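**Student:** Please work out how this folds:
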Amino acid sequence: MDETWIYLCEDSLDGIFTAVYQAYEEHHPHAANRIQICDRMYHQELFARYIPVETDYERAEKVARTLRNKVSIPVYEWLKKCSVSYDPGKADGIYRGVILALHMGGKVMDHLTRPEIQYLMELERHIVNEIQHELQFLRFEELENGVLFGKINPKNAVLPYMAEHFADRFSGENWVIADTVHRMVLIHESGKGCSLAEMSDVDLEALELSVSASEELWQRLWKRFVDSIAIKERINPRLQMQMLPKRFRKYMKEMQGP
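**Tutor:** Numbers count the residues shown, from 1 in each chain. Next up, the predicted model:
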């Protein structure tokens with residue numbers, strides 16, 4: 001039986017692209033290779049050789065530059081967006097996407113009959129949908145120091161894709177958005193750009209900050225407004241679940257107790 005080479009990389013675009021570079025460098029048949037996120041649970045396979053891959057930013061940039069220059073920037077951005085998915089198969093999916101992109105060029109995304117492209121398109125669709133949901137359902141609250149603070153708990157690591165929207169809408173405000181699942185924060189300073197920071201040592205879920213007096217008042221008024229406009233006879237839990245899934249309600253003030 002033919003041997004399989006499984007490259008174990010970190011859960012990041014740079015980690016995946018480093019593994020892609022190494023897979024090409026070692027010249028094994030692509031069909032015999034697989035790329036896998038190393039921090040995900042997996043079963044050891046017989047006749048498989050596991051190769052730990054240490055993230056190398058120079059190698060990752062070479063893959064990124066090749067995609068941008070020899071394929072197209074949209075294809076690179078597409079694969080980059082797929083890298084924030086929570087799907088455990090994304091690393092190998094991106095590897096297959098790179099192989100096809102280098103063979104087919106900039107029109108690779110048009111080949112929707114290919115299972116590899118269908119898979120990546122499904123990843124992107126799920127990510128885009130979650131970005132739109134988070135943009136709509138995020139609730140900011142004003143802290144005592146005047147900073148606007150909000151929390152999200154997304155399945156995919158979509159926080160970087162929320163920066164442009166809120167930087168445009170609240171360009172004159174200081175605000176912070178915390179991703180409690182992936183332990184990242186997006187920080188915006190008034191009149192300036194956004195910065196993304198990892199907070200791996202901080203439990204953002206348990207983080208409690210004091211809000212301003214006016215914020216407490218507005219929260220009480222908002223909850224009362226939401227309760228008052230509800231028509232008891234027309235409450236439809238099934239429709240509510242479709243329009244606002246439970247996982248997006250965790251940090252919505254109107255969905256919390258008094």
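**Student:** Need the CA coordinates for the helix or strand encompassing Trp218. PDB is fine.
**Tutor:** In this structure, Trp218 sits in helix 213-229 according to DSSP states H and E. Presented in PDB, the C-alpha positions along helix 213-229 are these (Å, rounded to 0.1, in the frame of the first residue of the first chain):
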ATOM      1  CA  ALA A 213     -24.400  55.400  34.100                       C
ATOM      2  CA  SER A 214     -26.000  56.500  30.900                       C
ATOM      3  CA  GLU A 215     -25.400  53.100  29.400                       C
ATOM      4  CA  GLU A 216     -27.200  51.400  32.200                       C
ATOM      5  CA  LEU A 217     -30.200  53.700  31.600                       C
ATOM      6  CA  TRP A 218     -30.200  53.100  27.900                       C
ATOM      7  CA  GLN A 219     -30.000  49.400  28.400                       C
ATOM      8  CA  ARG A 220     -33.000  49.400  30.700                       C
ATOM      9  CA  LEU A 221     -35.000  51.600  28.200                       C
ATOM     10  CA  TRP A 222     -34.000  49.300  25.300                       C
ATOM     11  CA  LYS A 223     -35.200  46.200  27.100                       C
ATOM     12  CA  ARG A 224     -38.400  47.800  28.000                       C
ATOM     13  CA  PHE A 225     -39.000  48.900  24.500                       C
ATOM     14  CA  VAL A 226     -38.300  45.400  23.100                       C
ATOM     15  CA  ASP A 227     -40.700  43.900  25.600                       C
ATOM     16  CA  SER A 228     -43.400  46.600  25.000                       C
ATOM     17  CA  ILE A 229     -43.600  46.200  21.200                       C
END
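**Student:** which of the residues in it are buried?
**Tutor:** 215, 219, 223 (16 or more other CB atoms under 10 Å). The way it works is simple: take the backbone N, C-alpha and C, and place the C-beta from them, glycine included.
**Student:** Check stretch 22-33 too.
**Tutor:** For stretch 22-33, by 16+ other CB under 10 Å, it's 22-24, 28, 33.
**Student:** Out of those residues, list just those in helices.
**Tutor:** Those of the buried residues of stretch 22-33 mapping onto helices are 22-24, per DSSP state H.
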